[in-house]
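>>> The sequence and its predicted three-dimensional model are supplied below.
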Amino acid sequence: MSPQQERMMLLNVASLHTEEQERMMLLNVASLHTEEQERMMLLNVASLHTEEQERMMLLNVASLHTEEQERMMLLNVASLHTEEQERMMLLNVASLHTEEQERMMLLNVASLQR
């Protein structure tokens, strides 16, 4: 797909809603709950567990693995790819788009948010 085609698709998406429509939709979502309702819901969630219960749960999770087991697991993950393989994968991803294409895409996205 050419950079021109990319730009046209992004422009089409941008024009689906006017700025005014976007603002109205955000206002509608914001008004679904009053500030008081939001506060009450947060208080209800907070009271599901006492502070002591939370502390005990965290301790239980922490004790599932010893420090040595954690270290071994991290070493196993680290050894899945050699440093050279990692570098090659990053280079392959970087080469999917030329620097110019990347710059154009970023400019298009930036203009959508204005």
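Perfect, thanks for sending it. Residues are numbered from 1 along each chain as shown.
>>> biggest helix in this protein, by residue count?
Ranked by residue count and defined by DSSP state H, the top helix of the chain is helix 99-112.
>>> For it, name the packing helices and strands.
Helix 99-112 sits against helix 3-14, with contacts defined as 3 or more CB pairs under 8 Å, 6 or more residues apart in numbering; DSSP states H and E. (Glycine included, C-beta is placed from N, CA and C.)
>>> now the helix it packs on: mean pLDDT?
The predicted model assigns helix 3-14 a mean pLDDT of 71.
>>> One more: stretch 59-71?
Rounded mean pLDDT across stretch 59-71 is 69.
>>> returning to that earlier point: please point out which parts of the longest helix of the chain sit buried.
Going by neighbour count (16 or more other CB atoms under 10 Å), the buried part of helix 99-112 is M104, N108.
>>> any idea of the mean pLDDT in that helix?
pLDDT averaged over helix 99-112 gives 75.
>>> i'd like the first residue to be 329 from this point on
That works, and once the first residue is 329, the last one we named lands at helix 427-440.
>>> Render the CA-only coordinates of that helix in PDB, please.
Extracted in PDB, the C-alpha atoms of helix 427-440 (Å, rounded to 0.1, in the frame of the first residue of the first chain):
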ATOM      1  CA  GLU A 427      12.100   5.600   8.000                       C
ATOM      2  CA  GLU A 428      10.100   7.800   5.700                       C
ATOM      3  CA  GLN A 429       7.000   5.600   5.900                       C
ATOM      4  CA  GLU A 430       7.300   5.600   9.700                       C
ATOM      5  CA  ARG A 431       7.500   9.400   9.700                       C
ATOM      6  CA  MET A 432       4.500   9.700   7.500                       C
ATOM      7  CA  MET A 433       2.400   7.300   9.600                       C
ATOM      8  CA  LEU A 434       3.300   9.200  12.800                       C
ATOM      9  CA  LEU A 435       2.300  12.500  11.100                       C
ATOM     10  CA  ASN A 436      -1.000  11.000  10.000                       C
ATOM     11  CA  VAL A 437      -1.800   9.700  13.500                       C
ATOM     12  CA  ALA A 438      -0.800  13.000  15.100                       C
ATOM     13  CA  SER A 439      -3.200  14.900  12.700                       C
ATOM     14  CA  LEU A 440      -6.000  12.500  13.700                       C
END
